[in-house]
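S.K.: turn this into a structure:
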Amino acid sequence: MPAETKRESILIVDDEEMNRVILSTIFCEEYEVLEAEDGVQGLEALAMHPHVSAVLLDVIMPRLNGIEMLKQMSEAGLTAKLPVFLITADAADDTMREAYAMGVMDVIAKPVVPYVVHRRVNSVMELFRARRRLSAEVERQKDQLLRQTRELADMSMGMVEALAAAIEFRSDESGSHVRRIRGMTRHILLHTEMGKGLSAEEIDLVSVGAITHDVGKIAIPDAVLNKPGRLTAEEFELMKTHTLRGAELLTHIPQMRDHLAFRYAYDIALHHHERWDGRGYPHGLKGDETPPWTQVVALADVYDALVSKRCYKEPYPAAVAMEMIKGGQCGVFNPVLLRCFEQEEPALAALFRQSKKEEELLWTMQKEKP
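M.R.: Numbering: from 1, shown residues only. From the prediction side, this is the model:
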């Protein structure tokens with residue numbers, strides 16, 4: 001047998017016992033009736049019974065009158081959540097005006113007419129019920145839409161990450177390079193002054209955007225992308241176009257364009273080869289003309305390239321890579337960024353080693369498959 005639905009409750013606040021009896025008789029068959037003899041008891045009752053559905057309030061009472069109780073309820077935001085009815089013999093214009101200003105739904109003059117009070121109170125209470133049902137439905141639909149939006153965003157970013165990883169495979173990479181860049185970028189922004197002014201949520205979005213830094217390489221021919229020797233001047237100019245192609249590609253992915261990470265991803269793809277001295281590409285940006293998050297991705301990309309095996313080189317030890325970066329052999333970087341990067345390099349090297357272990361384990365598992 002289903003559990004009995006709990007009845008709604010009404011609070012009657014009046015110092016006259018006869019008035020409380022009359023009002024209680026009108027509503028006792030439909031509602032649980034609570035009673036209070038003045039405003040002090042009325043506020044105490046509300047504190048003890050936070051789910052009261054309506055308040056029937058007298059004006060002239062000892063200790064704390066109806067208007068004073070109403071004021072405290074209004075200041076606490078209660079009149080926006082439950083209907084309050086002023087039932088009083090003092091129906092002067094000033095009293096009514098003040099009561100309505102503080103959120104009273106109706107002013108009913110004494111002596112009351114039972115069927116009139118019943119109808120007026122129930123009509124307003126039904127309105128509040130409908131409003132609560134509507135609010136609950138709106139919240140439910142909003143939660144559902146947010147969940148669907150997150151699922152679509154995750155799916156979209158998963159597709160972009162897969163694309164980025166596929167491009168890494170094209171250039172004889174394992175695909176873990178993009179994940180390492182994401183991890184290093186997030187670490188630097190979280191643990192150094194390079195992340196100053198960015199919230200934790202924004203840092204997460206930047207690290208997501210870092211995944212797409214090299215998506216433009218999809219437009220670069222294999223012969224250039226995987227050339228084991230030094231690129232010719234013409235080939236290098238072609239390679240440089242991957243920044244422009246990457247930014248262009250991201251703008252043509254609708255789900256990516258609508259993602260919160262887009263503004264970071266776009267700038268990273270376009271400007272991660274700019275340099276502090278203005279001698280980078282494609283726009284020759286100088287100094288802080290390149291946003292700090294893109295500067296971080298640029299340095300993480302160089303570091304990972306140095307300590308990783310490439311078709312044109314063997315990996316350098318982490319310490320050697322750090323010295324090459326500091327010595328300007330791999331471009332010129334923000335001095336503050338270099339200091340931060342050197343400070344966190346042991347942690348970044350650990351991230352790299354962990355990534356390589358996971359990569360080796362994955363390859364081993366794939367080889368053992370029948």
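S.K.: make sure Val296 is indeed in a helix.
M.R.: Yes. Under DSSP: H, G, I helix; E, B strand; the rest coil, Val296 sits within a helix.
S.K.: got the contact list for it?
M.R.: By C-beta atoms under 8 Å, 6 or more residues apart in numbering, the contact set of Val296 is 184-185, 188-189, 194, 206, 337. C-beta here means a position set from N, CA and C on the backbone, and glycine is covered the same way.
S.K.: can you map out the helices along the stretch 51-200 of the chain?
M.R.: Ranges of helices within the stretch 51-200 of the chain are 66-75, 93-101, 114-170, 177-191, 200-210, based on DSSP state H, counting those that start in this stretch.
S.K.: which of the contacts of Val296 has the most neighbours?
M.R.: Counting neighbours by other C-beta atoms under 10 Å, the top entry in the contacts of Val296 is Thr185, with 30 neighbours.
S.K.: doesn't Trp293 make contact with that one?
M.R.: Yes. Contact criterion C-beta atoms under 8 Å: Thr185 and Trp293 qualify, at 7.3 Å.
S.K.: anything in contact with each of those two?
M.R.: Going by C-beta under 8 Å, 6+ apart, residues that sit against Thr185 and also against Trp293 are Val206.
S.K.: CA atoms of the worst-scoring helix or strand of the chain on mean pLDDT as CSV?
M.R.: Taking mean pLDDT, DSSP states H and E as the measure, helix 254-257 is the helix or strand of the chain with the lowest mean score, a mean of 73. Only the C-alpha atoms of helix 254-257 are listed here, as CSV (Å, rounded to 0.1, in the frame of the first residue of the first chain):
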residue,chain,number,x,y,z
PRO,A,254,30.9,23.8,-35.4
GLN,A,255,31.1,21.9,-32.1
MET,A,256,34.6,23.2,-31.5
ARG,A,257,33.5,26.8,-32.4
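S.K.: right, and the helix or strand after it?
M.R.: Using DSSP states H and E, the helix or strand that follows helix 254-257 in sequence is helix 262-271.
S.K.: pLDDT of that following helix, averaged?
M.R.: The average pLDDT within helix 262-271 is 94.
S.K.: ditto for stretch 219-239
M.R.: Across stretch 219-239, the average pLDDT comes to 89.
S.K.: hang on, isn't Val84 packed against Val104?
M.R.: Yes. Counting by C-beta under 8 Å, Val104 is a contact partner of Val84 at 5.1 Å.
S.K.: shared neighbours, the two?
M.R.: Shared contacts of Val84 and Val104, defined by C-beta under 8 Å, 6+ apart, are found at Leu70.
S.K.: neighbours around Leu306, how many?
M.R.: When neighbours are counted by other C-beta under 10 Å, Leu306 registers 20.
S.K.: what's the distance between it and Lys313?
M.R.: Applying C-beta to C-beta, to the nearest Å, the value for Leu306 to Lys313 is 9 Å.
S.K.: can you check Thr212 too?
M.R.: 24 Å.
S.K.: so for the two, which sits in the more crowded spot?
M.R.: Remark: of Thr212 and Lys313, Thr212 carries more neighbours, 32 against 11, as counted by other C-beta under 10 Å.
S.K.: contact partners for Ile60?
M.R.: Contacts of Ile60 (C-beta under 8 Å, 6+ apart): 15, 66, 88-90.
S.K.: looking at those residues, which is nearest Gly328?
M.R.: When these are ranked by distance to Gly328 (C-beta to C-beta), Gly66 comes first, at 79.5 Å.
S.K.: model confidence score at the closest one, please.
M.R.: With respect to pLDDT, Gly66 scores 89.
S.K.: tell me the domain ranges of the chain?
M.R.: As given by automatic domain parsing, the domain ranges for the chain are 9-112, 146-368.
S.K.: any idea how far apart the tips of the first one sit?
M.R.: By C-alpha to C-alpha, to the nearest Å, the extent of domain 9-112 from end to end equals 20 Å.
S.K.: likewise stretch 56-70?
M.R.: One end of stretch 56-70 to the other measures 11 Å (C-alpha to C-alpha).
S.K.: returning to that earlier point: reformat the contacts of Val296 as JSON lines; add pLDDT and distance to Leu56.
M.R.: Below are the contacts of Val296 laid out as JSON lines (pLDDT from 0 to 100; distance: C-beta to C-beta, whole Å):
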{"residue": "Met184", "pLDDT": "93", "distance to Leu56": "65"}
{"residue": "Thr185", "pLDDT": "95", "distance to Leu56": "62"}
{"residue": "Ile188", "pLDDT": "95", "distance to Leu56": "63"}
{"residue": "Leu189", "pLDDT": "96", "distance to Leu56": "58"}
{"residue": "Met194", "pLDDT": "95", "distance to Leu56": "62"}
{"residue": "Val206", "pLDDT": "93", "distance to Leu56": "57"}
{"residue": "Leu337", "pLDDT": "96", "distance to Leu56": "68"}
